[in-house]
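# this one's structure only:
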C-alpha cells in the first residue's frame, strides 16, 4: 500500500481491491493483507531491501544461540518497535493468534524431549520435566516468536510494486520474470473471487451437489474453466508487457528505487540489537551457541 498525499475518486476492481486514483499515483488497498497498514511511518518508507535486511539480521541474531536472554532481547525490541511499523496492532493481535500457540507447542515438545538436567519439576510417568528442560523450552518459545514476528511484520509493510522495482533496478534481476511474478501475485485474489463465483453459479444450476462422483466431476470442470480463463488472462498480460517494452534494453522507470538515511538507521539499529543480545547473553552466562558450543 502506497502513501497517498491527496484523495480522489475511489472504486473497486474485479479482485475486490479498493483503488484510489490521485494525480501522482494509484494506490491499491488489499483487504486480504495479513496485517492492514493504517499509517505511514519512517520504517514503512524504507526500501524493501532494507526491510528484508532488517528481518534477516534480527533472525540471525536470534539463531546464533538457544537461550532466553538473547531471544528475549530481540523479542523485546520487536514488541517495542511495533508502533513504528504503522500496522493495525489490534488486527495483528486477532490474526497472529497462531504464533504464540505454535511457539507453545514447540516449547512443550522441547520440555518433554530435551535433556533432563537439574532438579525434577514434573514427574508424571512418561512426562518428566526438569529445570534444565523447562529453561530450554522457554528459550525455544521466545526464540520462535523472535524469529517469526520480524519476518511477518516487515513483510506486511512491503509494497509488492516497490519490491519488484528494487529487484529489477538494484539487483538487476530479469524484468520479465519479476514483473510476471508480481502480476501473478496480484491476480491471486481475482482467481479466488472467480472460483467462488463459479462455485455459486454451478450450485445455483444444480451441478455441484449429488454423489461423490458427480461432485468430483464438477470440481474438475470448475478447474478446467479456471485454467482456460487463466490462459486467456496470461496471454493478455504478456501482450501488455510486450507493448510496454519489458525486458527490452533502454527501458526507463517512472518509479525509482532509492535508499535514504532512514534505511541506514534501520540497519544500524537492527545490528545494534543483535550485538546487545549477544553481549547480554554472555553477561548473564546463558550463551548457548548452536555451532561449536
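Ah, there it is. What you see is a predicted model; the values in this text were computed from it and never measured. Numbers count the residues shown, from 1 in each chain.

# assign residue 241 to helix, strand or coil.
Using DSSP: H, G, I helix; E, B strand; the rest coil, the structure places residue 241 in helix.

# so it touches residue 177, yeah?
No: counting by C-beta atoms under 8 Å, residue 241 stays clear of residue 177, with 11.1 Å between them. (C-beta placed from N, C-alpha, C; glycine too.)

# more neighbours, these two?
residue 241 (16 against 13; other C-beta atoms under 10 Å).

# could you find the closest non-adjacent residue to that one?
residue 179 (6.4 Å; C-beta to C-beta, 6 or more residues apart in numbering).

# show me what the helix or strand hosting residue 193 is packed against.
Assessed by DSSP states H and E, residue 193 sits inside helix 188-204. Packing partners of helix 188-204 (3 or more C-beta pairs under 8 Å, 6 or more residues apart in numbering; DSSP states H and E): helix 212-243.

# in the helix it packs on, what counts as buried?
Residues 218, 222, 241 are the ones in helix 212-243 that count as buried (16 or more other C-beta atoms under 10 Å).

# after that helix, next one along is what?
Beyond helix 212-243 on the C-terminal side, the first helix or strand identified by DSSP H and E is helix 261-284.

# show the average pLDDT along that following helix.
Across helix 261-284, pLDDT averages out at 95.

# and stretch 47-67, by the same measure?
Here the average pLDDT along stretch 47-67 is 92.

# buried set for it?
By neighbour count on 16+ other C-beta under 10 Å, the buried set for stretch 47-67 is 47-55, 57-59, 61-67.

# same question for stretch 81-92.
Going by neighbour count (16+ other C-beta under 10 Å), the buried part of stretch 81-92 is 81, 85, 86, 87, 88, 92.

# now the end-to-end length of it.
14 Å (C-alpha to C-alpha, to the nearest Å).

# can you give me phi and psi for residue 124?
phi -120, psi 60 (degrees, to the nearest 10).

# where exactly do the strands run in the stretch 1-150 of the chain?
10-12, 18-21, 26-29, 120-124, 127-130 (DSSP state E, counting those that start in this stretch).

# any weak-confidence spans in the protein?
1-34, 207-210, 247, 292-293 (pLDDT under 70).

# and if we set it to 80?
Along the chain, the parts satisfying pLDDT under 80 run over 1-34, 125, 176, 180, 184-192, 202-203, 205-219, 241, 244-253, 291-293.

# and stretch 119-135, what's buried?
Buried residues in stretch 119-135 (16+ other C-beta under 10 Å): 129, 130, 132, 133, 134, 135.

# over to stretch 100-114?
Within stretch 100-114, the residues that count as buried by 16+ other C-beta under 10 Å are 103, 107, 110, 111, 114.

# assumed residue 286 was part of a strand.
No: using three-state DSSP, the assignment for residue 286 is coil, not a strand.

# that one contacts residue 72, doesn't it?
No: look at residue 286 against residue 72 with C-beta under 8 Å: they stay out of range, at 9.7 Å.
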